[in-house]
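Asker: for reference, the sequence and a predicted model appear below.
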Amino acid sequence: MILRSIEHLHHFNQQSSFFPRNYSSENTKISFPIRLHNPFSSSSCWRSKLIVHRRLVSGQLPDRIDDSDETLNYSPVSPQIHEKKVSFVDVLKNANAVLPQVVLASTILALVYPPSFTWFNSRYYAPALGFLMFAVGLNSSEKDFIEAFNRPAPIVAGYVGQFVLKPLLGYLFGTMAMTFFGLPTSLGAGIMLASCVSGAQLSNYATFLTDPTMAPLSIVMTSLSTATAVFVTPLLSLLLIGKRLPVDVQGMISNILQIVVSPVAAGLLLNRFLPRISSAIRPFLPPLSVLVTSLCVGAPLAININSVLSPFGISVVLLVIGFHLSAFVLGYVFTGVVFHNAPDVKPLQRTLSYETGMQSSLLALALANKFFQNPLVGVPPAISVVIMSLMGFSLVMIWDKKKV
């Protein structure tokens, strides 16, 4: 009887489709298409073995084990559901997504409670903008800037948008302020002054958020316009405003080094020679950048709140909105026409739209306060800081999702 059972067991192992043919007693785990209801119950396993042994002894060899057997109680294996866990680092990296909302909230807070921003005066502007440039440099490489200099055509186009198209728009809207809206000449001059200054460092940061590979090109454009603003801004001011605007050449050069060159170089060097430190601090840069941007937007508005809320304030806001909206659209369309055959025409259009629509209104505000006796000249640049930031970072939110 024992020999017969052994023969039947051997025959069962060879013919049954339930066990793999290369099964041996040395295997420690067998993968089945189905599993037992309670595989860890010792009593259930021993009962199953006894049933199989009895069938073998009695000569009842099934072609397969009946899955309707109550003892085995099979159930299909349910797929494992992997829940994606969002880490704290991911939250920090995604802080830029709320930048438009933060800029809007900063604007509202500056209007409702100005003291929340008045402490952030003009002496903090250069370090704040320099920090944003450091963040861009830390996420770039020297190869990106070499490639940017190898594309002179977009650089020239950005320069034309900054110092040709935008001043023409500034002259148009400044003239409208004095003729159609009947505003004082000082307010019209303030709009023109805002159109004569160099590109804004915030445009570099906006480009970095939308098209990171274009950020070096944007920085080169801004740096070039900022460096030549020493000569171009007084000339444009003379042509548009009718009065020569003195510019502190030494202060301008120092401003360029502090805001653009030094921070970007520091970020590049840190990323190059100390990659571990760069990786450690990189997740913290987005939330800090959002905070710094909100301060740069809210502070000029809070400091000039009385002028903004004056009877002519709404007219100036509408004129500044029209000025920046026209600049963004004109920069986008102009680039599309000039570079319509370029393989990366869409990123170029977004980059030059930022470069044309956003200028260094903080610099215009500083020049207005220093070189013009009438304080109303500084009102349009102060409003311009808020409007261009709201428009620029709203475009960041739209273009980052659609990439049209």
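Answerer: Received, thanks.
Asker: what's the spacing between the residue most central in space within the chain and Gly357?
Answerer: By CA atoms, centre = their mean, the chain has its centre lying nearest to Leu209, at 2.8 Å. Leu209 sits 15 Å away from Gly357, going by CB to CB, to the nearest Å. Where you see a C-beta, it was placed from the backbone N, CA and C, and this is true even at glycine.
Asker: equivalent analysis for Pro216, please.
Answerer: From Pro216 across to Gly357, the span is 20 Å (CB to CB).
Asker: over to Tyr125?
Answerer: 20 Å.
Asker: neighbour-wise, which of these two wins?
Answerer: Gly357 (29 against 23; other CB atoms under 10 Å).
Asker: so for the more buried one, what's the pLDDT?
Answerer: If you check Gly357, the pLDDT there is 92.
Asker: and for the one 4 residues further on?
Answerer: In the prediction, the pLDDT value recorded for Ser361 is 84.
Asker: that one and Thr226: what is the separation?
Answerer: 13 Å.
Asker: Gly174 and Leu319, how far apart?
Answerer: 8 Å.
Asker: er, Gly267 actually
Answerer: In terms of CB to CB, Gly267 sits 37 Å off from Leu319.
Asker: tell me where the stretch 251-400 of the chain has strands.
Answerer: Under the criterion DSSP state E, counting those that start in this stretch, the stretch 251-400 of the chain carries no strands.
Asker: flag the shaky bits of it, pLDDT-wise.
Answerer: For the stretch 251-400 of the chain, the stretches with pLDDT under 70 are 251-258.
Asker: chain center to stretch 305-321: distance?
Answerer: Distance, stretch centre to chain centre, for stretch 305-321: 30 Å (CA atoms, centre = their mean, to the nearest Å).
Asker: and that stretch, how far apart are its ends?
Answerer: With CA to CA, to the nearest Å applied, stretch 305-321 spans 17 Å between its terminal residues.
Asker: which residues does it contact?
Answerer: Residues from elsewhere that reach stretch 305-321 (CB atoms under 8 Å, 6 or more residues apart in numbering): 110-111, 114, 173, 176-177, 181, 183-184, 187, 191, 194, 301, 375-376, 378-380, 382-384, 387.
Asker: emit the PyMOL select command for whichever of those residues are buried.
Answerer: Buried members of these, defined by 16 or more other CB atoms under 10 Å, are picked up in PyMOL with:
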select buried, resi 110+114+173+176+177+183+187+191+194+301+376+378+379+380+382+383+384+387
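Asker: tell me which of the contacts of stretch 305-321 fall in helices.
Answerer: Among the contacts of stretch 305-321, the members falling in helices (DSSP state H) are 110-111, 173, 176-177, 187, 191, 194, 301, 379-380, 382-384, 387.
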